[in-house]
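Colleague: No sequence on hand, only this structure:
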């Protein structure tokens with residue numbers, strides 16, 4: 001296609017944790033990019049595939065027309081020369097007869113009138129076919145030829161009218177000159193034209209083969225050029241579709257000078273990409289809200305305990321205020337402050353999770369992040385009666401990333417395990433700093449049903465889910481992997497049916513913060 005740019009770089013569109021963009025807000029930012037790409041695709045001059053095909057067939061037509069004109073001229077030339085040869089043969093025959101009767105007259109004094117008759121017949125043939133002869137002989141040679149013929153006929157008339165020996169001798173000499181010149185002239189042109197006719201006929205025999213060779217070469221060139229343009233563009237579109245399937249919604253932009261039918265296809269795909277991206281963001285937010293709702297339900301349950309304690313303590317303090325001494329009152333106030341602080345901590349954790357903010361890259365302690373995530377999900381673990389075991393070292397090297405995003409990764413992994421585990425099952429979390437050089441490995445393992453082989457290769461695909469309709473968006477693992485990939489790490493999975501699954505988060509150990517924010 002004459003319309004596409006170099007393949008856009010693969011880019012993830014994973015939103016930051018807690019970012020709740022509305023579809024309208026997201027649309028405003030993306031429409032600008034789409035419109036810029038569409039304008040770039042449309043502003044170039046048009047050279048469509050149809051036009052190229054017409055140009056190719058026009059070349060075939062022009063070649064055929066040129067060969068046809070050439071063949072016509074060749075056949076016309078052969079026809080004119082054959083007609084000339086027919087006239088020349090008759091003319092030569094008349095001159096030869098005239099010369100034979102001329103010799104009879106010079107030797108025996110007879111047949112002069114027959115010589116004159118044949119000379120006049122030759123002259124009449126020359127006059128009747130003047131144009132044909134001139135086309136072949138040319139004007140100058142024709143004048144010379146007519147001059148010899150006229151003089152020859154005049155000399156035949158004069159020689160019969162004189163008896164003077166000197167005049168007869170002079171006429172005889174001139175007759176030989178002009179008669180021989182006329183015959184030689186005609187014979188030479190006949191020989192030459194016969195050779196030309198043979199040459200033109202030989203060329204006419206070869207012409208179809210030359211035409212076929214030229215036609216085959218032109219067909220190969222035009223077909224190869226057109227096919228290469230079309231197939232190369234189709235290959236690029238295959239790359240674009242694979243890229244879109246992986247969640248990269250970068251618009252297609254132009255690279256060549258002309259636009260064609262594929263440009264319209266690129267515009268349509270860009271619009272589709274925009275709509276997919278918009279719906280992708282809506283589903284991402286839906287998934288986040290689902291996770292947030294689960295978290296809020298647990299937090300609300302968790303808040304009931306300190307709130308109940310606060311209410312009971314306050315009621316006791318109010319009813320027995322006069323009977324309590326100062327130390328008991330201070331003790332109850334301290335208990336109220338402790339319960340209030342406990343409630344504030346729960347609310348703060350919830351706000352830290354849900355707050356919309358820019359990604360903040362900083363040195364992080366994975367042990368602390370894992371513990372914070374476990375604390376946030378503690379109530380869900382209790383409700384489902386899931387045992388959670390940790391094997392965390394005392395100290396691990398720091399990694400650089402966004403605390404909120406990494407909390408989202410581990411929360412997604414734990415919530416996915418909670419969705420499939422029965423009561424009294426077990427989740428194991430461990431950190432290993434020696435599994436791969438330069439990386440920390442965080443394993444989230446469970447003893448659930450495991451992941452079937454035909455599914456495991458697709459679990460990180462956007463929108464793929466094995467949960468019942470309405471129970472999941474299929475974006476949790478895709479979002480988690482996108483976050484880890486942005487941090488130059490990886491999210492892996494191993495599983496055996498009936499023996500559980502293990503998700504491994506690999507994060508690079510970095511001593512100096514890299515410009516990770518630029519990759520977002």
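Modeller: Received the coordinates, thanks. Owing to the predicted nature of the structure, the values given are computational and were not obtained by experimental measurement.
Colleague: nearest spatial neighbour of residue 456, skipping sequence neighbours?
Modeller: Spatial nearest neighbour of residue 456, chain neighbours left out: residue 495 (6.0 Å); criterion: Cβ to Cβ, 6 or more residues apart in numbering. (Glycine included, C-beta is placed from N, CA and C.)
Colleague: Quick check: residue 501 touching residue 445?
Modeller: Yes - counting by Cβ atoms under 8 Å, residue 445 is a contact partner of residue 501 at 7.2 Å.
Colleague: Of those two, which one has the most company?
Modeller: Neighbour totals were compared for residue 501 and residue 445, and residue 501 leads with 23 against 20 (other Cβ atoms under 10 Å).
Colleague: Spell out the secondary structure type for that one.
Modeller: strand (DSSP: H, G, I helix; E, B strand; the rest coil).
Colleague: next one: residue 508
Modeller: Under the three-state scheme (three-state DSSP), residue 508 adopts strand.
Colleague: Name the helix or strand for residue 327, please.
Modeller: Element membership for residue 327, per DSSP states H and E: helix 326-354.
Colleague: likewise residue 250?
Modeller: Counting by DSSP H and E, no helix or strand carries residue 250.
Colleague: Can you give me the distance of it to residue 490?
Modeller: Applying Cβ to Cβ, to the nearest Å, the value for residue 250 to residue 490 is 22 Å.
Colleague: Pick out whichever of the two has more residues nearby.
Modeller: Neighbours were counted for residue 250 and for residue 490 using other Cβ under 10 Å; residue 250 has more, 19 against 16.
Colleague: wait, isn't the more buried one in contact with residue 243?
Modeller: Yes - assessed by Cβ under 8 Å, residue 250 is found in contact with residue 243 at 7.5 Å.
Colleague: Strands of the protein, start to end?
Modeller: 362-364, 387-391, 399-401, 426-432, 439-446, 490-496, 500-508 (DSSP state E).
Colleague: right, and those - which one's nearest residue 105?
Modeller: Of all the strands of the chain, it is strand 490-496 that lies closest to residue 105, at 119.6 Å by Cβ to Cβ.
Colleague: Neighbouring strands - and their directions - for that closest one?
Modeller: Counting by DSSP bridges, the strands paired with strand 490-496 are strand 500-508 (antiparallel).
Colleague: The partner strand versus strand 426-432: what angle between them?
Modeller: 30 degrees (axes from the mean of the first three to the mean of the last three Cα atoms, to 10 degrees).
Colleague: Relative to residue 183, how far out is the nearest residue to residue 201 once chain neighbours are set aside?
Modeller: With sequence-adjacent residues excluded and distances taken as Cβ to Cβ, 6+ apart, residue 201 is closest to residue 78, at 6.4 Å. As for residue 78, its distance to residue 183 is 25 Å (criterion: Cβ to Cβ).
Colleague: Count the neighbours of residue 269 for me.
Modeller: Neighbours of residue 269 under the rule other Cβ under 10 Å: 18.
Colleague: My read is that it contacts residue 252, right?
Modeller: Yes - using Cβ under 8 Å, residue 269 is in contact with residue 252, at 6.1 Å.
Colleague: got a list of what residue 72 touches?
Modeller: By Cβ atoms under 8 Å, 6 or more residues apart in numbering, the contact set of residue 72 is empty.
Colleague: How much space separates it from residue 79?
Modeller: Note on residue 72: its distance to residue 79, by Cβ to Cβ, is 10 Å.
Colleague: Can you list the residue ranges for helices in the stretch 1-150 of the chain?
Modeller: For the stretch 1-150 of the chain, the helices defined by DSSP state H, counting those that start in this stretch occupy 23-42, 49-108, 112-128, 130-137, 139-161.
Colleague: For residue 259, which of those helices is the nearest?
Modeller: helix 23-42 (6.3 Å).
Colleague: and that closest one, what's its mean pLDDT?
Modeller: On average, the pLDDT along helix 23-42 is 56.
Colleague: swap in stretch 326-340?
Modeller: On average, the pLDDT along stretch 326-340 is 83.
Colleague: same question, stretch 381-399
Modeller: In this model, stretch 381-399 has a mean pLDDT of 88.
Colleague: Among the strands of the chain, which comes closest to residue 62?
Modeller: Residue 62 lies closest to strand 490-496 among the strands of the chain, at 59.9 Å (Cβ to Cβ).
Colleague: Good, we can wrap up now.
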